[in-house]
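Trainee: any chance you can model this:
(one chain, ligands or ions: 2)
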Amino acid sequence: MKSYQLVVIGGGAAGMTIAAGAASLGAHVALIERHTHLGGDCLHYGCVPSKALIEAAHDVYVMKQTAEKYNVTLNGDAVYSKTKASVDRARNIIQSHDGTKRFEDLGVDVYIGEASFLSANEVEVAGQLVVGEKFAISTGSQPIIPPIDGLDTVPYLTNETIFEQTERPERLLVIGGGAIGMELSQAYAHLGTEVTVIEGAKSLMPKEDKGMVEVLQRQIEQELVLHLNTTVTQVRKASGGIEVTVETDGESRVIETDAVLVAVGRKPRIEALRLDRAGVDVQKGYVQVDASLRTSQRHIFAVGDTIQSLPFTHVAGLEGKTVVTNALFGLRTKPDYRAVPWVTFTTPELFHLGLTEEEAREKYDEIKVYQTGLDEVDRFVINGRTEGRVKLIANKRGKLIGAHAIGEQAGEWMQEVVYAMARKDKVGQLSRVVHPYPIRGAAVQRAADLYWRERLFDGPLPKWLKRYFDWKQGE
Ligand SMILES: Cc1cc2nc3c(=O)[nH]c(=O)nc-3n(C[C@H](O)[C@H](O)[C@H](O)COP(=O)(O)OP(=O)(O)OC[C@H]3O[C@@H](n4cnc5c(N)ncnc54)[C@H](O)[C@@H]3O)c2cc1C
Ligand SMILES: NC(=O)c1ccc[n+]([C@@H]2O[C@H](COP(=O)([O-])OP(=O)(O)OC[C@H]3O[C@@H](n4cnc5c(N)ncnc54)[C@H](O)[C@@H]3O)[C@@H](O)[C@H]2O)c1
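Mentor: Numbering: from 1, shown residues only. Ligands and ions are numbered 1, 2, ... in the order given. This next block holds a predicted model:
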């Protein structure tokens with residue numbers, strides 16, 4: 001039996017941040033991971049392989065578009081083993097930065113095995129007893145598998161298996177039109193797969209600003225088949241592949257496919273932890289925490305995808321840093337979620353910060369919306385990639401409360417708005433930032449310029465100025 005000042009359970013984005021931070025400050029730390037590798041979902045089954053796949057698929061898409069544009073004939077299809085090699089390469093390199101050795105060098109004891117609480121201060125892992133003064137639960141999440149008749153009779157894919165496929169399916173049916181569904185369905189479509197997406201809701205990506213989703217939907221519908229407001233009622237093996245029965249407005253139809261990807265959301269991975277034995281409260285499947293990320297047992301913290309905050313790697317990191325100081329020094333600091341952006345890496349990219357227009361209208365009596373199409377921004381015109389828009393949302397005093405964009409590389413050039421929101425800037429301040437001509441970020445400035453145009457030209461000022469200049473002329 002060994003005892004530690006801090007025991008971190010789960011070696012993903014949040015757990016690695018906590019273990020490295022606490023050990024660097026000199027604490028005695030244990031890090032427990034059920035897989036033989038650290039890195040968590042983001043590195044092995046999430047962000048990294050998905051972005052590598054998207055990038056490879058994007059290369060193929062751009063290559064085909066470019067060939068068509070310049071009248072070049074391409075022979076043959078992209079070989080999937082090369083795409084898979086890009087995915088493996090990205091994972092391997094990043095894994096080498098985040099391997100067990102890095103943590104052992106920092107003085108962390110790494111335990112490999114699935115942890116379960118025996119009591120509020122003891123966990124068992126691979127037959128060993130580990131005792132802790134403080135604990136951090138960072139065990140992440142797992143895919144939700146909907147109760148669809150026959151789904152378990154076919155080898156359906158999830159984010160945990162799709163990146164291991166060595167062959168590209170000719171036909172892919174994706175259940176769920178959210179972040180994973182959109183990113184992966186489009187990537188496979190770009191690689192040449194015939195893709196069908198089944199989304200239960202009336203629109204794609206319900207958490208996103210509607211104006212942005214409209215643009216995405218227009219693009220997506222050119223590349224794959226989309227069924228909204230549709231449910232899957234049955235899945236079964238057939239001689240030619242897999243038959244999926246779907247229902248829209250009471251009407252059934254059967255779709256034949258070679259593979260099915262389930263992407264209908266995620267839930268915390270906490271069953272194995274036996275939180276009941278530690279006395280940690282769980283509600284609706286999430287670990288309950290207060291604003292300082294303490295659970296119902298004050299010495300046990302929970303972070304990342306196990307709690308009901310924002311399920312992103314950068315948020316897991318933000319929460320992990322908060323836990324280091326709170327657990328080691330007994331502080332009550334809170335993660336600041338006010339300026340947390342996220343990006344869906346579709347083509348074009350979808351950027352989200354703060355309130356959507358729909359949420360802002362519900363929350364405030366009066367809001368201001370400043371938006372511009374990318375066809376009004378020179379760099380997008382030059383590149384011939386004008387599909388997209390930027391929307392800045394402000395309260396009646398002009399303070400930024402939301403920002404959304406869809407466009408080529410929107411995740412990169414919208415970052416200046418995150419800085420502005422974190423500084424509690426007004427929209428007008430973004431207009432004063434000098435942007436080198438002709439970068440894509442000028443789209444932000446162009447939308448922000450509308451703030452001044454409204455103030456200067458839509459009010460009484462132009463009338464007064466006209467009178468003044470008429471008077472001067474007549475002097
Ligand atoms: C396909 C996909 C794409 C994504 N893309 C992005 C993206 O582009 N950007 C972004 O910000 N987010 C993305 N995400 C979300 C992101 O992956 C998660 O929000 C992030 O990984 C959460 O970090 P975490 O530390 O909470 O959990 P994880 O990174 O999943 O780490 C949890 C770790 O705990 C381990 N564990 C679980 N139970 C136990 C146990 N009992 N004992 C020991 N160890 C245990 C797991 O094996 C895992 O290693 C994506 C997710 C998916 C599925
Ligand atoms: N770029 C990124 O940052 C990124 C990328 C991928 C995933 N993620 C993270 O992973 C999380 C999970 O992604 P996800 O796509 O699984 O979930 P999601 O919540 O984003 O989307 C799930 C979708 O499935 C639909 N749905 C639910 N049940 C259904 C059913 N039975 N039939 C048809 N449709 C159904 C929902 O209406 C929703 O649109 C995201 O919330 C996000 O935080 C992030």
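Trainee: next, the distance between the ends of stretch 20-31.
Mentor: 9 Å (Cα to Cα, to the nearest Å).
Trainee: one more: stretch 262-281?
Mentor: Calculated as Cα to Cα, the first-to-last residue distance of stretch 262-281 is 29 Å.
Trainee: so does that stretch get close to ligand 1?
Mentor: Yes - Stretch 262-281 comes into contact with ligand 1 (Cβ under 6 Å from any ligand atom), by way of Arg269, Ala272, Leu273. Using the backbone N, CA and C atoms, a C-beta is placed for each residue, glycine as well.
Trainee: just the buried residues from these, in ChimeraX please.
Mentor: Typed into ChimeraX, the line below selects the buried ones among the residues of stretch 262-281 next to ligand 1, using 16 or more other Cβ atoms under 10 Å:
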select :269,273
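Trainee: who in this protein is up against ligand 1?
Mentor: Contact residues (Cβ under 6 Å from any ligand atom) of the chain with ligand 1: 9-15, 32-35, 40-42, 45-47, 50-51, 114-115, 138-140, 159, 180, 269, 272-273, 304-305, 311-314, 316.
Trainee: near ligand 2, from the residues you listed?
Mentor: Restricting the residues of the chain next to ligand 1 to those near ligand 2 - Cβ under 6 Å from any ligand atom - leaves Ile180, Pro311, Phe312.
Trainee: got the buried residues for stretch 147-161?
Mentor: Per 16+ other Cβ under 10 Å, stretch 147-161 contains these buried residues: Ile148, Gly150, Leu151, Val154, Tyr156, Leu157, Thr158, Asn159.
Trainee: now do the phi/psi pair for the fifth one.
Mentor: If I follow you right, that is Tyr156. phi -70, psi 160 (degrees, to the nearest 10).
Trainee: same check, this time on the fourth one
Mentor: The main-chain torsion angles of Val154 are listed as degrees, to the nearest 10 and equal phi -120, psi 160.
Trainee: so it sits against Lys237, correct?
Mentor: Yes - shown here, Val154 and Lys237 form a contact pair, counting by Cβ atoms under 8 Å, at 5.7 Å.
Trainee: and the strands in the stretch 251-400 of the chain?
Mentor: Assigned by DSSP state E, counting those that start in this stretch, the strands in the stretch 251-400 of the chain fall at 251-257, 259-262, 266-268, 282-283, 286-287, 300-302, 341-344, 349-354, 367-373, 389-395, 400-407.
Trainee: show me what the second one is packed up against.
Mentor: Helices and strands in packing contact with strand 259-262 are listed as strand 171-175, helix 179-191, strand 241-248; criterion 3 or more Cβ pairs under 8 Å, 6 or more residues apart in numbering; DSSP states H and E.
Trainee: need the ones you listed in CSV (columns: mean pLDDT).
Mentor: Shown next, in CSV, are the helices and strands packed on strand 259-262 (pLDDT from 0 to 100):
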stretch, mean pLDDT
strand 171-175, 98
helix 179-191, 98
strand 241-248, 98
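Trainee: give me the pLDDT for the closest residue to Gly240 other than its chain neighbours.
Mentor: Leaving aside its sequence neighbours, Gly240 sits nearest to Glu256 (Cβ to Cβ, 6 or more residues apart in numbering; 6.0 Å). Looking at Glu256, its pLDDT is 97.
Trainee: Three-state assignment for Glu160, please.
Mentor: Secondary structure assignment for Glu160 (DSSP: H, G, I helix; E, B strand; the rest coil): coil.
Trainee: now do the contacts for it.
Mentor: Contacts for Glu160 were tallied using Cβ atoms under 8 Å, 6 or more residues apart in numbering; they are Tyr45, Gln142, Pro143.
Trainee: what's the burial count for the second one?
Mentor: Think Gln142. 18 (other Cβ atoms under 10 Å).
Trainee: next, give phi and psi for Lys396.
Mentor: The phi/psi pair for Lys396 (degrees, to the nearest 10) reads phi -70, psi -20.
Trainee: that one contacts Lys426, correct?
Mentor: No - the criterion here is Cβ under 8 Å, and Lys396 misses it with Lys426 at 11.3 Å.
Trainee: who's more crowded, these two?
Mentor: Neighbour count, other Cβ under 10 Å: between Lys396 and Lys426, Lys426 has more, with 17 against 10.
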